[in-house]
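Asker: Give me coordinates for this.
(2 chains)
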Amino acid sequence: MAVRVQRADFDIGAEVKRLTAGRTDIGAIVTFTGTVRADSAGSGVAAMTLEHYPGMTEQELARVEAEAAGRWPLQGSLIVHRVGTLRPGDNIVLVVTASAHRQAAFDAAAFLMDYLKTRAPFWKKELDANGRERWVEARESDDAAAERWGCVHD
Amino acid sequence: MTVKLLYFAWVREKIGKAEEVLDLPAGIATVADLVAWLKELGPEYAEAFTRPGVVRAAIDRKHVQPASPIAGAREIALFPPVTGG
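Answerer: A predicted model of the protein is given here:
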């Protein structure tokens, strides 16, 4: 289990290779990658800046990861989240889960994404093609997605 | 009590600073009390907390509710709903 917050891009293949190196007990690996869309603001997104709460972010990601490990039989997991200025097409977040069987890996990956979206202290600001800045608003559908897994106790 | 306050995203932009150390008067028991008191500090604070219930809080890096007590807090962060992922 590992979490990282970084400015640099990540290499999905290299991350999976590192997570599974020397392991023969893994039968299923799920990766989810979130990327910057160009169309989420009315006049197009030229860039997106992500800020976070250093210290709390890592703590919340680790808490969500530990919760997933308690719910599913995972052989390994990884969350990498980028901060700083990103452009359309850039990677934002990577979640990797490894398990003996696919269902646990699929479910745990979905859980990690749903929960980190509602709990990890990141904030996105979009810059549109006209140079206007706009803070991205939280979506109720994200809260609903997290709630379907039941509550995570503090 | 003296506490370090941290502001993020548009809360930080509206208040015009990322953090400050404030001496809180007696009688401020909860996060909601703190926000109500901050609103009176100046127009920039009033602007940041104009929409009641929108701003979220963390005490010592853990999510808390408006009714959560702040006694013993070293660091209180105030921020908009999170938008990562």
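Asker: residues in chain A within reach of chain B, list them.
Answerer: A:34, A:50-53, A:55-56, A:59-60, A:81, A:92-93, A:113, A:116-125, A:135-138, A:142, A:154 (Cβ under 8 Å from any Cβ of the partner chain). The way it works is simple: take the backbone N, C-alpha and C, and place the C-beta from them, glycine included.
Asker: Spatially central residue in chain A, please.
Answerer: Nearest residue to the geometric centre of chain A (Cα atoms, centre = their mean): residue A:93, 4.3 Å.
Asker: For chain B, what is the nearest residue in chain A?
Answerer: Chain B sits closest to residue A:122 of chain A, with a gap of 2.8 Å, by Cβ to the nearest Cβ.
Asker: Just the pLDDT at the residue lying closest to that residue once chain neighbours are set aside, thanks.
Answerer: Computed as Cβ to Cβ, 6 or more residues apart in numbering or on different chains, the closest residue to residue A:122 that is not its neighbour in sequence is residue B:84, at 2.8 Å. Reported pLDDT at residue B:84 in the predicted model: 96.
Asker: Which of the three states applies to residue B:84?
Answerer: At residue B:84 the chain is in coil, as set by DSSP: H, G, I helix; E, B strand; the rest coil.
Asker: Next: residue A:141.
Answerer: Of the three states, residue A:141 takes helix under three-state DSSP.
Asker: distance of it from residue B:84?
Answerer: 15 Å (Cβ to Cβ, to the nearest Å).
Asker: Of those two, give the one with the bigger neighbour count.
Answerer: Set residue A:141 next to residue B:84 and count neighbours by other Cβ atoms under 10 Å in any protein chain shown: residue B:84 wins out with 28 against 9.
Asker: List the contacts of the more buried one.
Answerer: Taking Cβ atoms under 8 Å, 6 or more residues apart in numbering or on different chains, we find residue B:84 in contact with A:50, A:52, A:81, A:93, A:116-117, A:120-124.
Asker: Mind checking which of those land in strands?
Answerer: Judged by DSSP state E, the contacts of residue B:84 include A:50, A:52, A:81, A:93, A:122-124 as members of strands.
Asker: Residue A:147: which of those residues is nearest?
Answerer: Nearest to residue A:147 among those: residue A:122, at 19.4 Å, using Cβ to Cβ.
Asker: Counting neighbours, what do you get for the closest one?
Answerer: 27.
Asker: before we move on, back to that, switch the ones in strands among the contacts of residue B:84 over to JSON lines; also include pLDDT.
Answerer: Converted to JSON lines, the ones in strands among the contacts of residue B:84 look like this (pLDDT from 0 to 100):
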{"residue": "A:50", "pLDDT": "98"}
{"residue": "A:52", "pLDDT": "98"}
{"residue": "A:81", "pLDDT": "98"}
{"residue": "A:93", "pLDDT": "98"}
{"residue": "A:122", "pLDDT": "98"}
{"residue": "A:123", "pLDDT": "98"}
{"residue": "A:124", "pLDDT": "97"}
